[in-house]
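K.L.:
Quick one, what's the 3D model for this:
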Amino acid sequence: MKIAKLAAAAALALTIGAGPAAAELVFPSLSYRTGPYAPNGIPFADGYADYFTLINERDGGVEGTRINLIECETGYNTEKGVECYESTKGEGALVYQPLSTGITYQLIPKATADGIPIHSMGYGRTSAANGKVFSNVFNYPGTYWDAASIIVKYVSSEEGGDLNGKKIALVYHNSAYGKEPIRTLEKLAEKHGYELMLLPVDHPGQEQKSTWLQIRRDRPDYVVMWGWGVMNQVAIQEAANIRFPMDHFIGVWWSASENDVMPAGAGADGYKAITFHGVGDDFPIYDDLKTHVYDKGKAAGAGDQHGTVLYNRGIVAAMWAVEAARKAMEIHDTKDITPAMMRDGMEALDVDEARLEELGLPEFTVPVKVSCEAHGGPGLGMIQQWDADAKKWNIITGMIEADREVVDALIMEDSEAYAKENNLEMRCAS
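P.N.:
Model (predicted):
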């Protein structure tokens, strides 16, 4: 008994001597490595994880505070996504990146009430770009409505600036995600005089024969795709089967990965998509990843996604999270930041080209400056095109700006309606 008491006392002394547990930055990853959306979910989750590992291994964390990544499998299922949120928020989660529009819509009121920020990067509820209404939601560097207007602007440039009488078909995932650009495309149709065809594809998107038979019959001049997961692969293969001209087939940035085009082989050659970041691995950050992550055997997943489109997007998402945490530490003069402090850091985020170069990401993505009023970023995008022979994407345009006249009016209309419906007062000094 005496020996047991002495051992317990010694253990207590060691605990006290160790002092309080070190602070850590908790970043949940609502991932999906299984199911029909896994081909797209895996590379993003790997890039997201590997960037955080790099910060820990190379820098000892953010300003010396290590990152704890908590991964929770959602299967791209909204109910499971909400369950992941509820099961991880008590761990000190600083920000959620749901990687799902459906999950994002469900988490907006929950996370706002809990005081936790959401970063729905290039997806989710577009009108959350209005920070006067949505205090805790950020969707920089651009929104679905930005993407839709940029694609239309690009198509217009291909047609000599005149879309009057043209026909554009939207092939979209029949979900909140896929429906998001419809209002914008309708408004732009009124402005530019093109006819809009709406062609929904039900989850998960493996059955599209009738959709592409209709496209073959009605002969739209361009097809725009809002797809995800296996839907993208099937659509591109079906387009190749009916010999639709691939250079007139343009996907949103979630229909733009190697996994989407490679199954169609040569048939995918010329397919295009919008993007807000660079392609490939010819960036200085990859030297650091090799040294501090890959060569140490610390790469996420199978370690085979390096340089792919969605792996790079995971890097971008993690980079902005780290920079926001760094900004929060600066604002509040503490390394032990809370979700509320993280929100402040996200709202004060300013990552310019000089900072991107310091991070090993020169000309990799869009510089972002966030404010209380504007949570949506600059709304810029480039067009990339698939080269089937070289098996790689090429950026074929410079940065294209969204149609701010159309997009901003829609954001204001929708966000003000949300505020009225939920009895929210506008924030931010005018």
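K.L.:
tell me which element the residue nearest to the spatial centre of the chain is part of?
P.N.:
Central residue of the chain (CA atoms, centre = their mean): Met121, 3.7 Å from the mean position. According to DSSP states H and E, Met121 maps onto no helix or strand at all.
K.L.:
And it, how far from Val368?
P.N.:
Remark: distance between Met121 and Val368 (CB to CB, to the nearest Å) = 10 Å. All C-beta atoms are positioned from the backbone trio N, CA, C, and that covers glycine.
K.L.:
For the stretch 51-200 of the chain, which segments count as helices?
P.N.:
Listed in chain order, the helices of the stretch 51-200 of the chain (DSSP state H, counting those that start in this stretch) span 78-88, 101-114, 144-158, 176-179, 182-192.
K.L.:
In a markdown table, list those helices along with mean pLDDT.
P.N.:
Output for the helices of the stretch 51-200 of the chain, formatted as a markdown table (pLDDT from 0 to 100):
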| stretch | mean pLDDT |
| --- | --- |
| helix 78-88 | 97 |
| helix 101-114 | 97 |
| helix 144-158 | 98 |
| helix 176-179 | 95 |
| helix 182-192 | 98 |
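K.L.:
Point out the most buried one among those.
P.N.:
helix 144-158 (a mean of 24; mean count of other CB atoms under 10 Å).
K.L.:
Just want the angle from it to helix 101-114.
P.N.:
Comparing the axes of helix 144-158 and helix 101-114 via axes from the mean of the first three to the mean of the last three CA atoms, to 10 degrees yields an angle of 140 degrees.
K.L.:
Can I get helix 144-158 as CSV, trimmed to CA atoms?
P.N.:
Extracted as CSV, the C-alpha positions of helix 144-158 are listed here (Å, rounded to 0.1, in the frame of the first residue of the first chain):
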residue,chain,number,x,y,z
TYR,A,144,-20.1,29.8,-57.4
TRP,A,145,-21.7,32.9,-58.9
ASP,A,146,-18.3,34.3,-59.6
ALA,A,147,-17.4,31.1,-61.3
ALA,A,148,-20.6,31.1,-63.4
SER,A,149,-20.1,34.6,-64.6
ILE,A,150,-16.4,34.1,-65.4
ILE,A,151,-17.3,31.0,-67.5
VAL,A,152,-19.9,33.0,-69.4
LYS,A,153,-17.4,35.9,-69.8
TYR,A,154,-14.9,33.4,-71.2
VAL,A,155,-17.4,31.9,-73.6
SER,A,156,-18.4,35.3,-74.7
SER,A,157,-14.8,36.1,-75.5
GLU,A,158,-14.6,32.9,-77.6
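K.L.:
Need the per-residue pLDDT for the residue nearest to the centre of the chain.
P.N.:
Note on Met121: pLDDT of 97.
K.L.:
OK, contacts around it?
P.N.:
Contacts for Met121 were tallied using CB atoms under 8 Å, 6 or more residues apart in numbering; they are Gln97, Asn139, Tyr140, Pro141, Arg313, Val316, Ala317, Trp320.
K.L.:
Specify which member of those residues is nearest to Val407.
P.N.:
Taking CB to CB as the measure, Val407 sits nearest to Asn139 out of those, at 12.3 Å.
K.L.:
Could you check how far that closest one is from Glu258?
P.N.:
Distance from Asn139 to Glu258, by CB to CB: 25 Å.
K.L.:
Give me the neighbour count for Cys372.
P.N.:
Each residue near Cys372 was counted by other CB atoms under 10 Å, and the total is 13.
K.L.:
Ramachandran coordinates for it?
P.N.:
Per-residue torsions, Cys372: phi -60, psi -40 (degrees, to the nearest 10).
K.L.:
start at 54 instead
P.N.:
Yes, from this point I'll number from 54; that puts the last item at Cys425.
K.L.:
which SSE is the closest residue to it other than its chain neighbours in?
P.N.:
If the residues on either side of it in the chain are set aside, Cys425 comes closest to Cys481, at 3.9 Å by CB to CB, 6 or more residues apart in numbering. Counting by DSSP H and E, no helix or strand carries Cys481.
K.L.:
ok now do Cys481, which residues does it touch?
P.N.:
By CB under 8 Å, 6+ apart, the contact list for Cys481 reads Gly184, Lys185, Ser424, Cys425, Glu426.
K.L.:
Narrow the residues you listed to those that are buried.
P.N.:
Among the contacts of Cys481, those buried by neighbour count (16 or more other CB atoms under 10 Å) are Gly184, Lys185, Glu426.
K.L.:
Let's have the residues you listed in CSV, adding distance to Gly117 and pLDDT.
P.N.:
What follows is the buried ones among the contacts of Cys481, written out as CSV (distance: CB to CB, whole Å; pLDDT from 0 to 100):
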residue, distance to Gly117, pLDDT
Gly184, 30, 97
Lys185, 35, 97
Glu426, 33, 97
